[in-house]
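Q: Turn this into a structure:
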Amino acid sequence: MGEDTKSLRTRIHSVDSTLHLTKAMGLVASSKIRRANDAMYKGREYASSLRKIIFDLASCCECKKSPYMRVNGTGRMRIILIAGDRGLCGGYNVNVFRLAKEYTGAEIIPIGKRACEKYKGDITPVEGYSSAKGYELAKRLCEEFARGEYDSLTIISSRYVSVMLQEASAMQILPIEPIKASGVSGSVVFEPDETQILNAAAVEYVAGIIMAAVRESFACEMSARRMAMDSAGKNAQQMISDLQLRYNRARQGAITQEITEIVAGSGDNR
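A: Numbering: from 1, shown residues only. Below you'll find the model as predicted:
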């Protein structure tokens, strides 16, 4: 028995509606990509400058007295987890959540609607996340770290490789670890002293790293959604083509059957 042409028409209409939706979401993501990438590259540059300053300071022997370089072995960890505000972006959110599962027992500080929903936090969207919010969070985390309320701070977010590839990554930002080959010149003089400057700059450093990660995650989300919607659009078009072919065959079969019945009926009347 041939396929039901009515159900095939319904499916074609449904897939076509989905195709229009994926095209619209892809266009919205495409319109945001350039601005998101510009913000991401600026954030990377700023974070790189902050790291150089902090690591130069941390390489000084006097800075070992700083509470931000304290290393404890209790394992109390806090993780800033940055995920997307929406779904329909491939494995973007899933990869971040999968990486976070490896850090068992850590306290999660979610940023992004999907992260806040999963870890029961106050809804904090990635899009529009301000520098003021980042600084406020960094200040609180630095104060609590200095008081010894936890031992390490890590950011889990997506790293932008290309439009087609985004990778989940983890980066520890506290305690500050000195780099052996920092390249600090012996002629550099810090006033009033290295430790006080490091303590004062720590909040700016953490805030800058948080904002850079937020901006990079948003750029990753837009790129991932664009690629996912492009792929979904191609699949929808292929499905429509296949369904249209099945519909034409079913319709042709129904017409052939009707003609056969008419011919058979006319023969019986003789």
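Q: remind me which residues of the stretch 1-150 of the chain are low pLDDT?
A: 1-3 (pLDDT under 70).
Q: What ranges does it have for its helices?
A: Here the stretch 1-150 of the chain has its helices, by DSSP state H, counting those that start in this stretch, at 5-58, 92-100, 113-118, 131-146.
Q: Let's have those in CSV, adding mean neighbour count and distance to Ala264.
A: To be clear about C-beta, it is placed using only N, CA and C from the backbone, and glycine gets the same treatment. Shown next, in CSV, are the helices of the stretch 1-150 of the chain (neighbours: other Cβ atoms under 10 Å; distance: least, Cβ to Cβ, whole Å):
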stretch, mean neighbour count, distance to Ala264
helix 5-58, 16, 22
helix 92-100, 19, 58
helix 113-118, 20, 62
helix 131-146, 17, 77
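Q: Of all the ones you listed, which one is nearest Asp193?
A: Ranking the helices of the stretch 1-150 of the chain by proximity to Asp193 (Cβ to Cβ) places helix 5-58 first, at 10.3 Å.
Q: Need the contact partners of stretch 101-113.
A: 75-86, 100, 115-116, 118-119, 121, 123-126, 129, 137, 141, 150, 154, 156, 170, 214, 217 (Cβ atoms under 8 Å, 6 or more residues apart in numbering).
Q: Quick one: buried ones out of those?
A: 77-86, 100, 115-116, 118-119, 121, 124, 126, 129, 137, 141, 150, 154, 156, 170, 214, 217 (16 or more other Cβ atoms under 10 Å).
Q: sorry, back to before: of the helices of the stretch 1-150 of the chain, which is nearest Ser241?
A: Nearest of the helices of the stretch 1-150 of the chain (Cβ to Cβ): helix 5-58, 9.9 Å.
Q: Met40 contacts Arg215, correct?
A: Yes. Here Met40 reaches Arg215: they are 4.8 Å apart, a contact under Cβ atoms under 8 Å.
Q: hey, where'd the helices end up in the stretch 151-270 of the chain?
A: In the stretch 151-270 of the chain, the helices defined using DSSP H, counting those that start in this stretch lie at 194-269.
Q: So, low pLDDT: which residues of it?
A: 180-190, 266-270.
Q: go with 80
A: 178-193, 254, 257-258, 261, 263-270 (pLDDT under 80).
Q: can you tell me which residues contact Met227?
A: Contacts of Met227 (Cβ under 8 Å, 6+ apart): 90, 163-164.
Q: one step back: out of the helices of the stretch 1-150 of the chain, which comes closest to Asp230?
A: Using Cβ to Cβ, the nearest of these to Asp230 is helix 5-58, at 5.9 Å.
Q: Can you tell me how far the residue nearest to Tyr150 when sequence neighbours are not counted is from Glu144?
A: Leaving aside its sequence neighbours, Tyr150 sits nearest to Arg76 (Cβ to Cβ, 6 or more residues apart in numbering; 4.3 Å). The gap separating Arg76 from Glu144 is 10 Å, by Cβ to Cβ, to the nearest Å.
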